[in-house]
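Student: here are the coordinates; sequence isn't available:
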């Protein structure tokens, strides 16, 4: 860590202007917008998944007494969504590492004080991936157990 006397050499301050035509600044702005888009899509995708899965499971468990042999196939969609989203979130984790490296490079070159906290997105993706796998396995178990009943 540098002392306060040399801090002006490390970071831009309010007197430094970054030209709007600066290619690194333009790339930084695009990456920040991309980060915001990823956070938004991750949140919406997770919410969408749990809404659909919850509705299907509510329907399934509410209609078990009907003895409909086709009812079990309503569980196929949540299983496919679970494993599909787990795969997509896994890929997203890899991409967030790349995005973080790019933002860090630009931050250092432009001597910016900070950058978006990519680790928040990465942790959300990891938790989402784990939960999707657990939900997928649980619903898959219910599907197979429905053949025994």
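Tutor: Nice, I can see it. As the structure is a prediction and not an experimental result, all values here were calculated from the model. Numbers count the residues shown, from 1 in each chain.
Student: just for the protein, where's the confidence low?
Tutor: Scanning the chain with the threshold set as pLDDT under 70 gives 1-15.
Student: and if we set it to 50?
Tutor: For the chain, residues meeting the criterion pLDDT under 50 lie at 1-7.
Student: in it, which spans are helices?
Tutor: In the chain, the helices defined using DSSP state H lie at 7-10, 23-62, 76-110, 118-145.
Student: looking at those, which is closest to residue 16?
Tutor: helix 76-110 (8.9 Å; CB to CB). Where you see a C-beta, it was placed from the backbone N, CA and C, and this is true even at glycine.
Student: give me the contacts around stretch 51-60.
Tutor: The contact list for stretch 51-60, computed with CB atoms under 8 Å, 6 or more residues apart in numbering, reads 71-72, 74-75, 77-78, 81-82, 135, 139, 142.
Student: would you mind checking which of the residues you listed is nearest to residue 40?
Tutor: Nearest to residue 40 among the contacts of stretch 51-60 is residue 81, at 19.0 Å by CB to CB.
Student: I figured that closest one hits residue 45, correct?
Tutor: No: with contact defined as CB atoms under 8 Å, residue 81 does not count as touching residue 45 (9.7 Å).
Student: and those two? which has more neighbours close in?
Tutor: Taking neighbours as other CB atoms under 10 Å, residue 81 and residue 45 compare with residue 81 leading, 20 against 17.
Student: so what's the more buried one closest to, chain neighbours aside?
Tutor: Excluding its sequence neighbours, the residue lying closest to residue 81 (CB to CB, 6 or more residues apart in numbering) is residue 49, at 5.7 Å.
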